[in-house]
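In: Return a 3D structure for these sequence lines:
(4 chains)
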Number of protein chains: 2
Amino acid sequence: MTEPSRPQRGENLDITHKRGKPTLRTIATIAGLAVTTVSRALSDAPQISLETRQRVHRIAREIGYLPDRAAQRLKTGRTNVIAILLDSHEEVVGFSTSIMYGIAKALKETSYHLVVAPNFLSTTDVEAAEYIIRNHLADGLIFTRTEPLDARVRLLLETGFPFVCHGRTEFSTPHPYVDYDNFTFAYEAARRLIAKGRRKVAVILPPKRLTFCQHILHGFMTAVREAGIAYEVPEAVDLDTPADVLRDFIRNRTDAPDAPDGFICPGEVSALAVISGMSDAGRILAVDYDIVAKETSRLLTQLQPKVDTIHEDLTAAGEDLGRMLLQRINNPDAEELQLLLPPQINFPVG
Amino acid sequence: MTEPSRPQRGENLDITHKRGKPTLRTIATIAGLAVTTVSRALSDAPQISLETRQRVHRIAREIGYLPDRAAQRLKTGRTNVIAILLDSHEEVVGFSTSIMYGIAKALKETSYHLVVAPNFLSTTDVEAAEYIIRNHLADGLIFTRTEPLDARVRLLLETGFPFVCHGRTEFSTPHPYVDYDNFTFAYEAARRLIAKGRRKVAVILPPKRLTFCQHILHGFMTAVREAGIAYEVPEAVDLDTPADVLRDFIRNRTDAPDAPDGFICPGEVSALAVISGMSDAGRILAVDYDIVAKETSRLLTQLQPKVDTIHEDLTAAGEDLGRMLLQRINNPDAEELQLLLPPQINFPVG
DNA sequence: TTGCTAATTTAAAACGTTATAAATCTTTGG
DNA sequence: CCAAAGATTTATAACGTTTTAAATTAGCAA
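Out: Numbers count the residues shown, from 1 in each chain, chains lettered A, B, ... in the order given. Coordinates of the predicted model:
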């Protein structure tokens, strides 16, 4: 059993195989088996005897064998890579980074790697996706900032390329996604402002073209109508508006007699900008007005504990994105790969 | 010249090669050349006639040929991948993201991809690096938050694995790095505070174990001693301190009669925390005290235009990191791959 | 023993590329 | 016109893996 096997193809039998990294052949030589058997054993094929499988696994572990990704990829056509389209419109606060952490976490025990495909690989996001598909640079794709008729989603659906997006679309074909329940976020946020006794509530919307803009608006309007309270939806600014512009807008708006005294900010920076603008106008948070904000890092609550927040866990979202993409890759017919994450409620401070 | 070449190994001659992606063989068939010749032509080997090279290049372009990364990697042993060790201690503001953008930019026209290796691939950063080297998962490594006797640097130097780090070390063996001139930053920042007429200046240092902590301290002390002004270096807090803790620290410190009235903040969040703490204590920025902060995003200046800032361009740093790593990979003896980026001076507002 | 089936292992080919060495074609000097 | 040298192209093998099909071994009934 321990004796060296007969040579395969008549090369020399140096166990360390030219002192390089261990390969299947290294194991085969040690175990006195054929390379094929070793390969099979490591993938736990049922036709290999249990005893052999265990022995091979043990040897592999002992010599620190790790399969060569290039060879596997060449043979199987699978890259063992998933790509994330990095946004240029990245929010200031580490949005992508959190998601990437989550994805990496989901990939931890697998053979998958995460590669970053900045959108300027090509000019547009669709082109970046096209490039990745066409040249099979990854087995699956993850991206954010989804639009109702997102061109990337359309392309990926057409080509059948595995993907999971962060956010929903309005396509009739169902597809995998992970989304945060922004309706509930906005609804709950508005209710809190109302509960705090605010007269008039306003919401800083995401850019119109993003799907979750509608969700937030819907949640907001639902709560507002239920309560029959005055409201305002500023058209001139959105979450992508630079903080200084937003701040100035808020300050100026505050001069008017009908200015809102309750704000929903679905982003931490926008909340800071609103506070800054209100402060310029002499208004005090939690006294003259209130904010309910979406919190994705600890930044906001650490700086402004008086802001009421509802948490969105982006790392968890990333983990779900990664996990679901793997499912989708391994089983194209996996159904119901759709996840709507509920807001995590921090009970108000005051 | 246009006639189909004789079969290689006697398969059928379908030009599209089983309707799959074009390979060297597709081109070879079209051009009536051997695969070897095509490979050579595409890499512009001098022994291939100019005319052939041009023709092959043209065909490749026309049919949208892209070399198979797996095959190249298997054959050459080069992964065409560079990895970035992602920090768990990521600052709140998109530090890594900016750097990754820069790296991606440097990699744009090359065949290199950027893969993200979160440090929890293994327990520690060194283990992550070890894993990548041992299993040759990348051709080079980039990481941040460098320490004077950084264990990652030691390992990489010992194994001769290509890397460029963001920040310097104190090893006597020179190695590639990109760093920001934090000495000058701190020196200049202190000088500005002094020029604004501040009595006593303080600096929020990075965590002690990071190399650039010393650089900042040195720059600070140099300016302070030149001017013979009072100063303070808080021991209890640093740049990694949560914003709320830092804010409370500042507020409490301000009660004392000898409290500083000038602050150097080498991070935007820390500046916001200081402002918040001072504001709690009733002090007004640019009146009762001043801040000079390091600015890596637009966050701070947009929210607090009265903060005086000195810019550090992380995307540019990333681009340099990427560019230098490629040089290092392609030419192990490349000398002087060391770059100290000067602070970018925004002239004070007031 | 023989023959047959099931269990287990194996050889050979292939994925697409590049390196080595050999082959062919061209040119040139005598 | 031939040989040698130079220019250009080519066949073959190899990288490490998986797949297909074939071979070997064991188990068992006759």
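
In: Quick check, pLDDT for A:Pro176.
Out: Looking at A:Pro176, its pLDDT stands at 96.

In: Could you do A:Ala117 as well?
Out: 83.

In: How about the one 4 residues further on?
Out: What the model reports for A:Leu121 is a pLDDT of 58.

In: Now for A:Ala271, how many residues are close by?
Out: 29 (other CB atoms under 10 Å in any protein chain shown). (C-beta placed from N, C-alpha, C; glycine too.)

In: mind listing what it touches?
Out: With contacts defined as CB atoms under 8 Å, 6 or more residues apart in numbering or on different chains, A:Ala271 is in contact with A:263, A:265, A:291, A:293, A:300, A:304, A:307.

In: quick one: which of those residues has the most company?
Out: Counting by other CB under 10 Å, top hit in the contacts of A:Ala271: A:Phe263 with 28 neighbours.

In: wouldn't A:Val307 be in contact with A:Met278 here?
Out: No. In this structure A:Val307 lies outside contact range of A:Met278 using CB atoms under 8 Å: 11.6 Å.

In: Overlap in contacts, these two.
Out: In contact with both A:Val307 and A:Met278: A:Leu285, using CB under 8 Å, 6+ apart.

In: how deep is A:Lys105 tucked in, by neighbour count?
Out: Using other CB under 10 Å, the number of residues around A:Lys105 comes to 17.

In: do A:Leu137 as well
Out: Look at A:Leu137: counted by other CB under 10 Å, it has 18 neighbours.

In: do the same with A:Leu114
Out: Neighbours around A:Leu114, by other CB under 10 Å: 24.

In: For the residue lying closest to it once chain neighbours are set aside, which three-state class applies?
Out: Computed as CB to CB, 6 or more residues apart in numbering or on different chains, the closest residue to A:Leu114 that is not its neighbour in sequence is B:Val116, at 4.9 Å. Following DSSP: H, G, I helix; E, B strand; the rest coil, B:Val116 is assigned to strand.

In: To what extent is B:Val116 buried, counted in neighbours?
Out: 22.

In: Could you do A:Arg225 as well?
Out: There are 11 residues near A:Arg225, going by other CB under 10 Å.

In: Buried ones in whichever strand or helix holds it, by neighbour count?
Out: Assigned by DSSP states H and E, A:Arg225 belongs to helix A:211-227. If you call a residue buried by 16 or more other CB atoms under 10 Å in any protein chain shown, then helix A:211-227 has these buried ones: A:211-217, A:219-224.

In: do the same with stretch A:291-311
Out: A:291-304, A:307-311.

In: how long is stretch A:85-101 from one end to the other?
Out: Using CA to CA, to the nearest Å, one end of stretch A:85-101 lies 14 Å from the other.

In: Give me every residue in chain A lying close to DNA strand C.
Out: Residues of chain A lying near DNA strand C by CB under 7 Å from any atom of the strand: A:5-6, A:8, A:32-37, A:40, A:47-49, A:51-52, A:71, A:74-75.

In: Which strands or helices does the least confident helix or strand in chain A by mean pLDDT pack on?
Out: One helix or strand of chain A scores below all others by mean pLDDT, DSSP states H and E: strand A:344-345, with a mean of 75. In terms of contacts (3 or more CB pairs under 8 Å, 6 or more residues apart in numbering or on different chains; DSSP states H and E), strand A:344-345 is packed against strand A:308-311.

In: Done for today, thanks.
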